[in-house]
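# Fold the following for me, if possible:
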Amino acid sequence: MSLVDIGGHQLKLSNLDKVLYPAAGFTKGEVIDYYVRIAPVAVPHYAGRPMTLKRYPNGVEDKFFFEKNCPSHRPSWMTTAPTWSRHSKRTIEFCLIDSTAALVWTANLAALELHPSLSRAEPLDRPTMVVFDLDPGPPADIRKCCEVACHLRDLFDHLGLQSFPKTSGSKGLQVYVPLNTPATYEDAGGTKPFALAVAQLLERQHPELVVSNMAKELRTNKVLVDWSQNDESKTTIGVYSLRAREHPTVSTPVTWDEVAGADPDALRFTAGDVVDRVERLGDLFAPTLELTQTLPRFG
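Numbering: from 1, shown residues only. Next comes the predicted model:
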């Protein structure tokens, strides 16, 4: 057990030598070290957003569980967002990761993956962005995701919208359209109908490449443009979050030039890579925090 002080908060860190990524020999201590180093750019993207934790207490090769309710043994300074879930018909006390200390505390729970809401806790029904999750159906890979992402970018450019790509840290890519203006999920003109219309348009324009229906039998060698993530009850992997893969890969902001290059090896980043990238490039996702855009009527 190690006692550390972070931002004036004392945390007890446990099992720091425990290996959570066996293939890489990557320990819990290294997980926590990564989140400490990345906190200055990651926390602004998490702050105020209900967070679902994906915990791997015995590492990525063992069982995991999702945790929406912030654990009752949380420290008194850990902020939460009591939220009524229309989906599960109960109040959920979500963790809010508003500080480096909060991020380290969740990392000490072996919460390797962090899944924030697309909206802030107040108001929860007002998304601040639209996300398109590009998921390749084998044998398609990230190269086809890059091709679809470029089609998305061109469409958004035509609509006068800026968009920002990041790797999923797993098989695919995600493209975000920041709004930071009043929006809803479900209403006419909301983010979910908009995302569906975009996915269906791309499917019509590129039927050999794109599918908007999640049925697995339709996805062979195509890229699913998953529009359904734009929902109050769903979350998407957070920017700078680790992934529970064989190695400690990270959901990483990338440039459009990198996407256009479509090099699978160049679009795979581990924790150390990402810390180095941020030192060189800064936070490529920073504009999503403040850029204001209005969602057009589309469909």
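# As a check, name the ranges of all helices in the chain.
Ranges of helices in the chain, per DSSP state H, are 28-46, 100-108, 142-158, 191-205, 256-261, 271-281, 287-290.
# What is the first one packed up against?
If you count contacts as 3 or more Cβ pairs under 8 Å, 6 or more residues apart in numbering; DSSP states H and E, helix 28-46 packs onto strand 19-21, helix 100-108, strand 111-116, helix 271-281, helix 287-290. (Glycine included, C-beta is placed from N, CA and C.)
# ditto for the shortest one
Counting contacts by 3+ Cβ pairs under 8 Å, 6+ apart, the secondary-structure elements packed against helix 287-290 are helix 28-46, strand 173-178.
# right, so these: which one is the most enclosed?
Each of these was assessed for mean neighbour count using mean count of other Cβ atoms under 10 Å. The highest is strand 173-178, with a mean of 23.
# That one vs helix 142-158, what angle?
Interaxial angle, strand 173-178 versus helix 142-158 (axes from the mean of the first three to the mean of the last three Cα atoms, to 10 degrees): 20 degrees.
# From here on, call the first residue 414.
OK, 414 is where the count begins now, so the last one is strand 586-591.
# Note down every partner strand of strand 586-591 and its orientation.
Paired with strand 586-591 in the same sheet, following DSSP bridges, are strand 542-549 (antiparallel), strand 577-580 (antiparallel).
# Quick check: which of the ones you listed is nearest to residue 586?
Nearest to residue 586 among the strands paired with strand 586-591 is strand 542-549; the distance by Cβ to Cβ comes to 4.6 Å.
# Now find how far off-centre that closest one is within its chain.
In terms of Cα atoms, centre = their mean, to the nearest Å, the centre of strand 542-549 is found 10 Å from the chain centre.
# again, but for stretch 552-559
Relative to the centre of its chain, stretch 552-559 is centred 19 Å away, using Cα atoms, centre = their mean.
# buried stuff in it?
Buried residues in stretch 552-559, counted by 16 or more other Cβ atoms under 10 Å: 553, 554, 555, 557, 558, 559.
# Now tabulate the residues you listed in a markdown table and tack on distance to residue 701 and pLDDT.
A markdown table is the format used below for the buried residues of stretch 552-559 (distance: Cβ to Cβ, whole Å; pLDDT from 0 to 100):
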| residue | distance to residue 701 | pLDDT |
| --- | --- | --- |
| 553 | 27 | 94 |
| 554 | 26 | 93 |
| 555 | 21 | 94 |
| 557 | 24 | 96 |
| 558 | 19 | 97 |
| 559 | 20 | 97 |
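# Turn the helices of the chain into a markdown table, columns for distance to residue 596.
Listed next are these as a markdown table, based on distance: least, Cβ to Cβ, whole Å:
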| stretch | distance to residue 596 |
| --- | --- |
| helix 441-459 | 18 |
| helix 513-521 | 27 |
| helix 555-571 | 15 |
| helix 604-618 | 6 |
| helix 669-674 | 24 |
| helix 684-694 | 29 |
| helix 700-703 | 14 |
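# So for residue 549, which of these sits nearest?
Here helix 555-571 is closest among the helices of the chain (Cβ to Cβ), at 5.5 Å.
# any idea of the angle that closest one forms with helix 604-618?
Using the same axes, to 10 degrees: helix 555-571 against helix 604-618 is 110 degrees.
# ok, how many other residues are close to residue 440?
The tally of other residues near residue 440 (other Cβ atoms under 10 Å) stands at 17.
# again, but for residue 538
For residue 538, using other Cβ under 10 Å, the count is 13.
# isn't it right up against residue 645?
Yes. Between residue 538 and residue 645 there is a contact under Cβ atoms under 8 Å: 5.7 Å.
# Thanks again, I'm all set now.
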